[in-house]
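Asker: Attaching a predicted model along with its sequence, questions to come.
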Amino acid sequence: MTTITESIEIQVDNRHVLDERLNEAEQGLQRLAMITGTHGILLTRHRPGHYTAALSDQVPFGMTQELVH
């Protein structure tokens, strides 16, 4: 069984830059998710300007979900 544990930390001060970084992270993770076809993407907001984008087996393949702490 292949395990993929890819996670990207995003920390920014500017909303425009945040949108760009989140989009880049999601696109990169989508490419990795295609390898197994079993992971979706979970975007977690820890606080304003601080996010984690990660592959997750708790999110259906082909989906992106957001979680706010």
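Answerer: Structure's in. What do you need?

Asker: Please count neighbours and contacts with C-alpha atoms only from this point.
Answerer: Will do.

Asker: Return the residues in contact with the residue most central in space within the chain.
Answerer: With distances taken as C-alpha atoms, centre = their mean, the residue of the chain nearest its centroid is residue 53 (2.5 Å). Contact analysis of residue 53 by C-alpha atoms under 8 Å, 6 or more residues apart in numbering lists 7, 8, 9, 10, 22, 25, 26, 41, 42, 43, 44.

Asker: give me the number of residues near the fifth one?
Answerer: Translated: residue 22. Residue 22: 18 surrounding residues under other C-alpha atoms under 10 Å.

Asker: ok, residues contacting the helix or strand that contains it?
Answerer: Applying DSSP states H and E as the criterion places residue 22 in helix 15-36. Applying C-alpha under 8 Å, 6+ apart, the external contacts of helix 15-36 come out as 2, 6, 8, 10-12, 39-41, 49, 53-55, 61-62.

Asker: Narrow those residues to those that are buried.
Answerer: Among these, the ones that count as buried by 16 or more other C-alpha atoms under 10 Å are 8, 10, 39, 40, 41, 53, 54, 55, 61.

Asker: if I look at the third one, how far off is residue 49?
Answerer: Distance, residue 39 to residue 49, by C-alpha to C-alpha, to the nearest Å: 25 Å.

Asker: Equivalent analysis for the first one, please.
Answerer: With distances defined as C-alpha to C-alpha, the gap from residue 8 to residue 49 amounts to 14 Å.

Asker: ok so, going back, max pairwise distance over the contacts of residue 53: which two?
Answerer: Spatially, the most separated pair among the contacts of residue 53 is 10 and 41, at 14.4 Å (C-alpha to C-alpha).

Asker: For the spatially closest residue to residue 14 that is not a sequence neighbour, give me its contacts.
Answerer: Excluding its sequence neighbours, the residue lying closest to residue 14 (C-alpha to C-alpha, 6 or more residues apart in numbering) is residue 49, at 7.7 Å. By C-alpha under 8 Å, 6+ apart, the contact list for residue 49 reads 10, 11, 12, 13, 14, 15, 18.

Asker: Give me the pLDDT for the residue nearest to the centre of the chain.
Answerer: We note a pLDDT of 96 for residue 53 in this prediction.

Asker: Look at the closest residue to it other than its chain neighbours and give its secondary structure.
Answerer: Of all residues beyond its chain neighbours, the one nearest residue 53 is residue 43 (4.5 Å), with distances taken as C-alpha to C-alpha, 6+ apart. Using DSSP: H, G, I helix; E, B strand; the rest coil, the secondary structure recorded for residue 43 is strand.
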